[in-house]
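>>> okay, predicted coordinates and the sequence, questions at the end:
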Amino acid sequence: LLVDKFTKREQEVLPVIVPPVRDNAPIRVRLKHADKPDELFPADDGDEVRRMTQNLALINRVLETRWYDLLIPDADLAELQERLADDPAGGKPLGMHRRNLYRVFNDRELTTGGRFYGGWWQSVPKAYRRHLAVNGKRMVEIDYSNLHPVILYAEAGVTPPDDCYRGIFSESTEARGGDALRNLVKASFNAMLNAEKPLRQAPRGIDLREFGLTWKLVS
């Protein structure tokens with residue numbers, strides 16, 4: 001193949017001229033296990049998987065014709081990359097040659113999940129997103145507040161409150177908890193909304209004890 005004539009480094013710095021290599025497993029399944037690491041593997045072949053693969057190929061062909069950049073000084077980019085590489089939480093430097101997407105579902109039947117991954121811009125820290133650009137044009141980030149509960153209110157034909165994640169507990173508890181309590185309510189709500197079955201205990205990362213609450217009360 002012609003692409004093999006270029007070194008790995010050349011493929012990274014000239015992605016528009018040398019399109020990235022296509023992923024051989026664009027549709028994947030991730031199964032979570034309580035007692036062992038997550039299992040990630042290609043989805044079983046079938047009409048639906050082939051249809052999604054073809055659609056994804058169309059998207060990736062368009063992505064390959066654009067140049068994606070982070071419009072910050074080279075010194076700032078180098079500092080960011082170094083910081084991400086040293087992140088104790090397992091962060092990785094931005095692989096700016098990665099412009100192909102793939103999809104990940106949460107079950108073998110491909111009924112849950114299906115999010116798109118793979119583009120380097122998806123890993124840009126929040127503080128830097130305003131510097132993202134496509135073909136030299138800066139991007140605008142739009143934040144849809146209370147998106148999931150607002151959709152549910154709309155389906156029920158009910159007008160939602162200004163903030164769906166507040167006013168859940170007593171005024172004294174809300175005042176004491178502040179934004180931290182709101183974040184806990186938001187995380188708990190979205191975990192319950194996307195769970196396959198009722199959650200019997202608090203999801204990972206949600207600690208109710210600091211607010212004097214129990215999962216039974218929250219759920």
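Arrived safely.
>>> lowest confidence element among the helices and strands of the protein?
Every helix and strand of the chain was ranked by mean pLDDT, DSSP states H and E. The lowest is helix 8-13, at a mean of 66.
>>> mind listing residues that contact the longest helix that the chain contains?
What stands out as the longest helix in the chain, according to DSSP state H, is helix 171-194. With contacts defined as C-beta atoms under 8 Å, 6 or more residues apart in numbering, helix 171-194 is touched by 112, 148-149, 163-169, 198-199, 202-203, 205-206, 208, 210-213, 218-219. C-beta here means a position set from N, CA and C on the backbone, and glycine is covered the same way.
>>> do stretch 102-115 as well
Outside stretch 102-115, the residues within contact range by C-beta under 8 Å, 6+ apart are 23, 25-32, 40, 43-44, 48-49, 52, 56, 116-118, 194, 196.
>>> cool, and stretch 138-147?
With C-beta under 8 Å, 6+ apart, stretch 138-147 has contacts from 71, 129, 130, 131, 132, 133, 150, 160, 163, 164, 165.
>>> farthest-separated two in the residues you listed?
71 and 160 (36.4 Å; C-beta to C-beta).
>>> against which helices or strands is the following helix or strand past the longest helix of the chain packed?
Reading on from helix 171-194 to the C-terminus, the next helix or strand found by DSSP states H and E is helix 215-218. With contacts taken as 3 or more C-beta pairs under 8 Å, 6 or more residues apart in numbering; DSSP states H and E, helix 215-218 sits against no other helix or strand.
>>> from residue 99, how far off is residue 136?
Here residue 136 is placed at a distance of 16 Å from residue 99 (C-beta to C-beta, to the nearest Å).
>>> of the two, who's got more company?
residue 99 (21 against 8; other C-beta atoms under 10 Å).
>>> any idea which element the more buried one lies in?
Applying DSSP H and E, one finds residue 99 in no helix or strand.
>>> and it, what does it touch?
Residue 99 neighbours (C-beta under 8 Å, 6+ apart): 15, 20, 60, 63, 64, 66, 68, 118, 119, 120.
>>> among those, which ones are in strands?
Using DSSP state E, the members of the contacts of residue 99 that fall in strands are residue 68.
>>> farthest-separated two in the contacts of residue 99?
66 and 118, at 14.7 Å, using C-beta to C-beta across the contacts of residue 99.
>>> who has more neighbours out of the two?
The residue with more neighbours, out of residue 66 and residue 118, is residue 118; 20 against 11, by other C-beta under 10 Å.
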